[in-house]
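*Asks:* structure, please.
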Amino acid sequence: MSTQERIPVRISDAELSRRWAAMRVAMKRHDIDVVIVQATNDWLGGNVKWLTDIPANNGYPRTVLFYADDLMTVIEMGVFDGRRSLKGEDPVHRGVGTILTTPSFPSIDYTVRYDADLAVRDLLARNVRRVGLANANGFLAGFSDTLRDGLANIEIIDVTADIDGLKAIKSEEEQGLIRRTAALQDEVFAHVCRVIRPGLRDIDITSAAQMKAQQLGSEQGIFLGASAKIGIRSPFMGRHFQGRTLAEGDHLSLLIEVNGPGGFFCEIARTLALGKASAELYDGFAAVKAAQEHTLSLLKPGISAQSIAAAHDDYMTARGLPPEVRLYAHSQGYDMVERPLIRRDETMAVASGMNLAVHPGYETEAIFAVICDNYIIGPEGPGACLHRTEKRIFEL
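*Replies:* Okay, the predicted model is just below:
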């Protein structure tokens with residue numbers, strides 16, 4: 001069996017070529033020889049996946065040197081001084097000329113510089129004049145320090161906004177995979193509705209959800225939820241806090257935020273009740289559902305994210321509800337959270353082709369009111385909801 005056969009869903013050669021061409025147009029505009037990206041995970045490490053169709057995993061750094069006029073160099077975990085010459089001919093590592101390896105670990109401080117040493121050596125061997133860094137604030141600090149020291153006499157510029165803008169607008173192929181992710185999440189939620197019952201722990205529910213998601217083609221993601229008696233809020237919490245046992249009369253606010261076939265993220269959130277939901281739960285859900293509809297009415301191409309965030313806060317406070325203090329809507333792709341954020345500190349505007357998750361919410365001592373769904377923005381605004389799961393509280 002070839003390595004290629006082991007990958008369930010790959011992005012097409014044509015799509016990768018489209019991305020590379022768009023990236024090189026941006027590089028030419030800045031007159032740079034190479035763009036460097038790095039990731040250590042496939043939750044929030046989309047730049048590496050976007051350029052190579054292979055994610056970083058489990059905290060191990062994966063660094064890509066994307067050259068303007070040559071094949072990519074990839075630096076990743078492996079043996080000391082490892083070197084594979086692929087010449088762009090490998091069917092898995094498409095567009096890659098060389099893979100360099102070193103056994104570095106973010107948990108072992110003195111090894112973090114090893115990846116940067118390899119990068120500097122490769123860059124200097126090619127006599128680069130000008131280097132672009134994308135999301136450099138997200139690089140491992142030791143890598144960044146060593147890289148900058150090694151390139152002390154070479155101009156370095158920030159090209160984060162360029163790659164953020166390219167990633168944000170989804171191609172037809174990408175949109176098709178995003179729709180598959182939303183459909184997968186609908187199936188996972190329906191599975192949860194079938195298996196949830198008194199006597200199971202929260203982690204039993206999220207484990208069943210994770211298994212179903214992976215059977216359907218998901219590789220990564222989170223399942224957040226912590227049950228409570230009706231009358232006490234049920235917040236989003238991770239596995240470490242999912243030991244409570246469900247009883248009749250409890251409820252569970254559940255977030256399913258996983259990627260699907262091909263690696264694109266969406267997210268869905270609903271509340272499940274083992275019995276009759278309270279009037280306060282119903283009122284809270286109605287409020288956030290209406291808030292979601294309000295934001296959807298504002299998501300038009302060309303409208304600034306800042307103005308939408310301000311309008312959302314005005315909408316909430318006018319109804320006696322709290323303004324947003326974290327993040328209630330954002331784009332998604334290979335990253336769980338990517339730009340634009342619908343928030344006061346975002347400079348990007350909404351554009352056609354974006355995949356936005358919209359999840360307004362608020363909490364009191366008695367309820368955790370939440371809803372979450374994804375929408376692809378069209379020329380006139382959001383299309384139909386990508387999730388087909390009903391927007392309601394599920395009484396089971």
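*Asks:* just confirm residue 252 is within a strand.
*Replies:* Yes - looking at residue 252 with DSSP: H, G, I helix; E, B strand; the rest coil, it is inside a strand.
*Asks:* what about the closest residue to it other than its chain neighbours, neighbour count?
*Replies:* Distances taken as CB to CB, 6 or more residues apart in numbering place residue 227 nearest to residue 252, at 4.3 Å, with adjacent residues excluded. C-beta here means a position set from N, CA and C on the backbone, and glycine is covered the same way. If you count neighbours by other CB atoms under 10 Å, residue 227 ends up with 24.
*Asks:* before we move on, what about residue 220?
*Replies:* Residue 220 has 17 nearby residues by other CB under 10 Å.
*Asks:* any idea how far the residue nearest to it when sequence neighbours are not counted lies from residue 86?
*Replies:* Leaving aside its sequence neighbours, residue 220 sits nearest to residue 42 (CB to CB, 6+ apart; 5.0 Å). Separation of residue 42 from residue 86 (CB to CB, to the nearest Å) stands at 22 Å.
*Asks:* please apply the same query to residue 168.
*Replies:* Counting by CB to CB - residue 168 and residue 86 are separated by 30 Å.
*Asks:* of those two, who's got more company?
*Replies:* Neighbour comparison, residue 168 and residue 86: the larger count goes to residue 168, with 21 against 18 (by other CB under 10 Å).
*Asks:* list the buried ones in stretch 140-147?
*Replies:* 140, 142, 143, 144, 146, 147 (16 or more other CB atoms under 10 Å).
*Asks:* turn the residues you listed into CSV, including distance to residue 117, secondary structure and pLDDT.
*Replies:* Shown next, in CSV, are these (distance: CB to CB, whole Å; DSSP: H, G, I helix; E, B strand; the rest coil; pLDDT from 0 to 100):
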residue, distance to residue 117, secondary structure, pLDDT
140, 13, coil, 96
142, 11, helix, 95
143, 10, helix, 96
144, 13, helix, 96
146, 7, helix, 97
147, 9, helix, 97
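*Asks:* ok so, going back, please list all residues in contact with the residue nearest to residue 252.
*Replies:* For residue 227, the contacting residues are 202, 234, 244, 246, 250, 251, 252, by CB atoms under 8 Å, 6 or more residues apart in numbering.
*Asks:* again, but for residue 105
*Replies:* By CB under 8 Å, 6+ apart, the neighbours of residue 105 are 60, 111, 112.
*Asks:* would you confirm that the last one contacts residue 106?
*Replies:* Yes - applying CB atoms under 8 Å as the test, residue 112 and residue 106 come out as touching, 6.2 Å apart.
*Asks:* what touches both of those two?
*Replies:* 61, 140.
*Asks:* which one of the two has more residues nearby?
*Replies:* Per other CB under 10 Å, whichever of residue 112 and residue 106 has more neighbours is residue 112, with 20 against 15.
*Asks:* one step back: can I get the contacts of residue 105 in TSV including secondary structure, pLDDT and distance to residue 212?
*Replies:* Below are those laid out as TSV (DSSP: H, G, I helix; E, B strand; the rest coil; pLDDT from 0 to 100; distance: CB to CB, whole Å):
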residue	secondary structure	pLDDT	distance to residue 212
60	coil	96	27
111	helix	96	38
112	coil	95	37
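*Asks:* so where is this protein shaky, pLDDT-wise?
*Replies:* 1-4 (pLDDT under 70).
*Asks:* select the longest helix from the protein.
*Replies:* In the chain, assigned by DSSP state H, the helix with the most residues is helix 172-195.
*Asks:* that helix - contacts with which helices or strands?
*Replies:* Contacting helix 172-195 under the criterion 3 or more CB pairs under 8 Å, 6 or more residues apart in numbering; DSSP states H and E are the following elements: helix 13-30, helix 202-215, strand 250-258, strand 268-273, strand 373-378.
*Asks:* of the ones you listed, which is nearest residue 284?
*Replies:* Closest approach to residue 284 among the helices and strands packed on helix 172-195 (CB to CB): strand 268-273, 8.7 Å.
*Asks:* next secondary structure after the closest one?
*Replies:* helix 279-298 (DSSP states H and E).
*Asks:* now do that following helix: which elements does it pack against?
*Replies:* strand 268-273, helix 305-318, strand 355-358, strand 361-363, strand 368-370, strand 381-382.
*Asks:* what's the neighbour count on residue 33?
*Replies:* 19.
*Asks:* can you pull the contacts of it?
*Replies:* With CB under 8 Å, 6+ apart, residue 33 has these contacts: 27, 67, 68, 69, 126, 128, 129, 130, 131.
*Asks:* with that, I have no additional questions.
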